[in-house]
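Colleague: Mind folding the following:
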Amino acid sequence: MYSRSSEPVRFERDCPAVLVPQGDEVTLPAGTVGYITQALGGSWTVFVEGNLMRIAGKDGDAIGKPPAEPLVLPEGAGDEDVERLVWEQLRTCFDPEIPVNIVELGLVYLVELYTPESGNGRGVRVRMTLTAPGCGMGEILVDDVRSKLEQIPTVTETDIELVFDPPWNQTMMSDVARLETGMF
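Modeller: So this is what the prediction gives:
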């Protein structure tokens, strides 16, 4: 779901947030008033007191939003089913400033499943980049990818690495992303 409107919200409880684009973690106290400017991938970007703040999906209740439904795999799911769900989850990860997911932006360089050393479940290895190396949201996006992949049944381990080779450029964006951002 994407919202281009400015839906007013009042925080019902103290809520952790991330300052965009710096990536600094802050706590917004109960009673804080703001406006949702982007609602994508189960997280929200909220405009509060002149700043953009990212609210994680697990904290949606603080602004009156329901939690995400748990992920399910069909019985006897194989690696293909898990990989399909991995890509679906990656498409729910968004830069808080850009209304396009990280897959369409061309930020995901590698996805592969592996068997963890423990032999239990599945591991998922992801190599991804950022639109700009100095982006303060880098670790926040990596954590978002990790937490979304760890929600997948049978995934017991993740290996997410932020890389900058090759450097990202606009030609890596899908046609959908170029159209959405006006870079066509």
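Colleague: can you list the domains in this structure?
Modeller: The record assigns the chain these domain ranges, following automatic domain parsing: 7-63, 79-181.
Colleague: Can you give me the end-to-end span of the shortest one?
Modeller: The distance separating the two terminal residues of domain 7-63, taken as Cα to Cα, to the nearest Å, comes to 11 Å.
Colleague: With stretch 18-31 instead?
Modeller: 18 Å.
Colleague: picking that back up, got JSON lines for the domains of the chain, with distance to Val72 and mean pLDDT too?
Modeller: Every residue, glycine included, has its C-beta placed from N, CA and C. Output for the domains of the chain, formatted as JSON lines (distance: least, Cβ to Cβ, whole Å; pLDDT from 0 to 100):
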{"stretch": "domain 7-63", "distance to Val72": "16", "mean pLDDT": "93"}
{"stretch": "domain 79-181", "distance to Val72": "7", "mean pLDDT": "93"}
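Colleague: looking at those, which is closest to Pro70?
Modeller: The minimum distance between Pro70 and those falls on domain 79-181, with 7.3 Å, by Cβ to Cβ.
Colleague: From the chain's centroid, how far away is that closest one?
Modeller: The gap between where domain 79-181 is centred and where its chain is centred comes out at 8 Å by Cα atoms, centre = their mean, to the nearest Å.
Colleague: Start at 39, not 1
Modeller: Fine by me, first position is 39 from now on; the one you just mentioned is domain 117-219.
Colleague: about what we covered before: same list (the domains of the chain) but as JSON lines, adding mean neighbour count.
Modeller: Conversion of the domains of the chain to JSON lines gives the following (neighbours: other Cβ atoms under 10 Å):
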{"stretch": "domain 45-101", "mean neighbour count": "18"}
{"stretch": "domain 117-219", "mean neighbour count": "17"}
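Colleague: May I have the secondary structure class of the closest residue to Asn158 other than its chain neighbours?
Modeller: Closest residue to Asn158 apart from its sequence neighbours, by Cβ to Cβ, 6 or more residues apart in numbering: Thr194 at 5.5 Å. What DSSP: H, G, I helix; E, B strand; the rest coil gives for Thr194 is strand.
Colleague: which residues touch Thr194?
Modeller: If you count contacts by Cβ atoms under 8 Å, 6 or more residues apart in numbering, Thr194 has them with 154, 156, 158-161.
Colleague: Out of those, which two are the most distant from each other?
Modeller: Spatial extent of the contacts of Thr194 (Cβ to Cβ) is set by the pair Ser156 and Arg160 at 11.0 Å.
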